[in-house]
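> Give me a model of this one.
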Amino acid sequence: MGTVLSVEKKANLEMWDGSKSEGFVLKIKCEEALKGAYIGCSIAVNGTCLTVTTFNSEAFEVNCAPETLRRTDLGDLNKGDLVNLERSMAATDRNSGHFVQGHVDEAGKILKFTPEGDSLWVRISLSDDLLPYVIPKGYIAVDGTSLTVCEVNREEKWFNLMLIAHTQKCIVIPKKKVGERVNLEADCMGK
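Predicted coordinates for the structure are as follows:
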């Protein structure tokens, strides 16, 4: 995980042709995700694949395009918020989940948290557009975390997933509140 250091709308970002334009820049403090980082590498922030534009040993910056802000929860971030961070997987790495591309389909809302023993049920809304791709026992990425769908209610447009105690400690979802948005990416095999 990382911590948002700043969320800025900048008016003087340099464009490809040398002109200046307005843009949205996130600065995130972290350590682990920066190992082996370079300008132009991809780091997923809450499951959204973004390109590193500057970095040092403690933090990195990424620019967010208008389409990214429309489709994700990144525009909701504030200084001090925790975010999930993940580097791109090398082709030789072991895959311990499903392929998450970082191409967020939409942002859903957390509707409900329900504890059961040391596990946690999470109910999340989704749109008609994403509903056909979300099936019980199928995969979905929520804020970049590969998770298994437990139940889908097609009439009320929500799905449930369950987080084990270990996962709850490693991701940002249980730290969010009911009503907050999370990024959703349906399994690319289903699309």
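> residue contacts, the most centrally placed residue in the chain?
Ranked by distance to the mean C-alpha position of the chain (C-alpha atoms, centre = their mean), the top residue is Asn46 at 2.1 Å. Counting by C-beta atoms under 8 Å, 6 or more residues apart in numbering, Asn46 makes contact with 72-74, 83-84, 143-144, 172, 182-183. C-beta coordinates here come from the backbone N, C-alpha and C atoms, glycine included.
> And the residues you listed, which is closest to Glu31?
Nearest to Glu31, judged by C-beta to C-beta, of these is Val83 at 13.7 Å.
> For the closest one, grab the count of nearby residues.
Residues lying near Val83 (other C-beta atoms under 10 Å) number 22.
> and what of Asp187?
Neighbour count for Asp187, taken as other C-beta under 10 Å: 18.
> That one contacts Leu147, doesn't it?
No - taking C-beta atoms under 8 Å as the definition, Asp187 is not a contact partner of Leu147, at 10.5 Å.
> Need the residues touching each of these two.
Counting by C-beta under 8 Å, 6+ apart, the residues touching both Asp187 and Leu147 are 139-141.
> Using PyMOL, define a selection of the buried residues within those.
In PyMOL, this line selects whichever of these come out buried by 16 or more other C-beta atoms under 10 Å:
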select buried, resi 139+140+141
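> Could you tell me which residues make contact with Tyr38?
By C-beta under 8 Å, 6+ apart, the contact set of Tyr38 is Val52.
> quick revisit: dump the shared contacts of Asp187 and Leu147 into CSV; add secondary structure as well.
Supplementary listing: the shared contacts of Asp187 and Leu147 in CSV, determined by DSSP: H, G, I helix; E, B strand; the rest coil:
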residue, secondary structure
Tyr139, strand
Ile140, strand
Ala141, strand
